[in-house]
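> build me a model from this:
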Amino acid sequence: MYISKKKVSLVLIFCTTCLGLLSYFNSVNKLIAYFVIVLFITLSSLNLLLDLRKSELRGLINRQSLICLLLMVTILVQIINGIEGEITINDAIKFALFPLSFLYCCILAPNFLLKNNYENTFLKFLIYPGIFLSLITLITSFITALSYGGIDLTTLQTAQFNIVHGLFDSNYQGAVVAVSSVVCIYLLFKNKGNKLYYSLILMVNILNLIVLASRASLLSLALCIIIAIIVYGSRKIKFLLLSGVAICGILYCYYNNSIKLSPIFYYNIFDAERGSTGRIDIWKEILQKSTQKVFTGNGNNTLEITSLDLHNNLSSSHNSFIDFFAINGGIVLILYLIVLLIGVFKSFNHAKESAVFLVFICIFVLMNFTTHNLGGVSYVPQILGILLGIIFIHVKKKSK
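Numbers count the residues shown, from 1 in each chain. Next up, the predicted model:
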C-alpha cells in the first residue's frame, strides 16, 4: 500500500508532539526524555525542510519577524547572563535548543499543516492524548480506590495522588486533558462530527480533571465553554448561560458549608489559598528576588525558594510568566506578552473557522498556573509554538 510523503510528514509531526509527553513522566529520566524529543524534532525539521525552497523559507521568517525578534532578544539576554556567570551548563544547552524549537514549532510544522489543509486534522488529533491519559488515570484510580474499601471522590483523589501522580505529573496531565476537552467543545458547538462521541470524551475528561483536582485546567475549561457559547451560541443559549451561572452562584453560596465537609475536594478545588500548594508564597518570593535583575533576569532555570520548607530548589514557579520574567528579565517578558496578545487577537479573527482560538485561550490561562513557555520542547510548548505559527502565517481563505 502506497503512503504519500505528506502523510508520512503528518505522522512524524504527530509522533513528535506525543513524544513531548515524555518530559511529564516522573518515572522517565529527563535527560533521556529531552534527547528523544529533540531527536524527533530534528528529524521532523529536516524532513519538512527538504520540501521547502529557500525563498519560501525566507518569506516564512519574514512573516514570523516578531517571533524571530523574541528569539534573538532572548538569546542575547542569555549571552549577557552567561558572560556574567549566571547560567549553568544545563541552562546553556536548553537555550541553545531555542532556535531549533522555534524553527520547527513556529515555522516549519505550522506551514506544512496550513499548506496541506491539515490544520483541523492536527487539532482533532490533540483530543486523543488527553482522553488516553484520562482513561488510564480513572481506571487506575477506580481499581486502587476499591482496594481502599470504597469509591467516592475523596478516595479517588487519594488513589490518584498516591499512584498516578508519582508516574505522571498531575499539573501537566491536567493541561493535556484541558486541551483535549477544548477541541471537543469546539467540535460540539460547530456540529462537526459525532456529537455523542465528543460528548462522552468531554465528560470523561471533566471527571478526570475533578479527580486530578486540577483547578487551573477546570478554570480554563469553564472559561472556554463561556467563550464558545458567546462566540458560537444562539441568543437562547446565551440566556441559558447567564441563568445557569446565576443559579450555580446561588447554589454554591447555599451549599458552601456542605462542600467543606469533603476537605480534599474543597481545599483542592475551591480554596485557592489552602489548595495552592504554596504557589502564592512562591510567586511573591520569586518576584521579590527578581527585582535585583529586572532587565536581564538571572538566567537560571533553578529557582531557590526559602519561604516554604517543602520547596527549596524548584525548576518551576508554576507560572509561565513569572518564570519567564525571573529567567529572562522584563524586556523579554514585555516582548513575549506582545507576541501572545497579538496571537489572541489574530486567532479571534478565525475563531469560527477552527479551534485554534479556543485552544490558544486555554493554554494562555494554563500558563498562569503551570510552566509552558514558548521555546520548550515538551507537549504543551510544542502546541503553543505551532498555534502561534498557524496564527501568524495564516491567510484568511476567501469564502467560496
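
> Glu226: neighbouring residues, count only.
Actually, residue 226 is Ile rather than Glu. Per other C-beta atoms under 10 Å, the neighbour tally for Ile226 reads 15. All C-beta atoms are positioned from the backbone trio N, CA, C, and that covers glycine.

> give the other helices and strands that the host helix or strand of it contacts.
Using DSSP states H and E, Ile226 maps to helix 215-232. Applying 3 or more C-beta pairs under 8 Å, 6 or more residues apart in numbering; DSSP states H and E, one finds that helix 215-232 contacts helix 170-189, helix 195-212, helix 235-259, helix 356-366.

> now that helix: buried residues?
215-221, 223-225, 227-229, 232 (16 or more other C-beta atoms under 10 Å).

> Met203: which of these is nearest?
Nearest to Met203 out of these is Leu221 (C-beta to C-beta; 12.0 Å).

> tell me how far the helix or strand where Glu285 lies is from the chain's mean position?
Here Glu285, judged by DSSP H and E, is contained in helix 279-290. A distance of 22 Å separates the centroid of the chain from that of helix 279-290, by C-alpha atoms, centre = their mean, to the nearest Å.

> what about that helix, average pLDDT?
Averaged across helix 279-290, pLDDT comes to 73.

> please apply the same query to stretch 388-400.
66.

> what's the burial count for Leu46?
11.

> which element is it on?
Here Leu46 sits within helix 30-50, counting by DSSP H and E.

> could you name the helices and strands sitting against that helix?
In this structure, helix 30-50 makes packing contacts with helix 5-19, helix 98-102, helix 109-115, judged by 3+ C-beta pairs under 8 Å, 6+ apart.

> pull the helix holding Glu285 out as CSV, backbone CA atoms only.
In CSV, the C-alpha atoms belonging to helix 279-290 read as follows (Å, rounded to 0.1, in the frame of the first residue of the first chain):
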residue,chain,number,x,y,z
ARG,A,279,2.2,28.9,44.8
ILE,A,280,1.2,32.3,46.2
ASP,A,281,4.1,32.4,48.6
ILE,A,282,6.5,31.1,45.9
TRP,A,283,5.4,33.8,43.4
LYS,A,284,5.9,36.5,46.0
GLU,A,285,9.4,35.4,46.8
ILE,A,286,10.4,35.0,43.1
LEU,A,287,9.1,38.4,42.2
GLN,A,288,10.9,40.0,45.2
LYS,A,289,14.2,38.3,44.2
SER,A,290,13.8,39.2,40.6
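
> what's the first-to-last distance across stretch 121-131?
From its first residue to its last, stretch 121-131 covers 17 Å (C-alpha to C-alpha, to the nearest Å).

> weakest of the helices and strands packed on helix 30-50 by average pLDDT?
Lowest mean pLDDT within those: helix 98-102, a mean of 87.

> distance between it and the chain's centre?
Averaging C-alpha positions (C-alpha atoms, centre = their mean) puts helix 98-102 18 Å from its chain's average.

> which strands and helices lie in contact with it?
helix 30-50, helix 65-83, helix 379-393.

> report the buried residues of it.
Phe98, Ser101, Phe102.

> cool, stretch 382-396 as well?
Applying 16+ other C-beta under 10 Å to stretch 382-396 flags 382-394 as buried.
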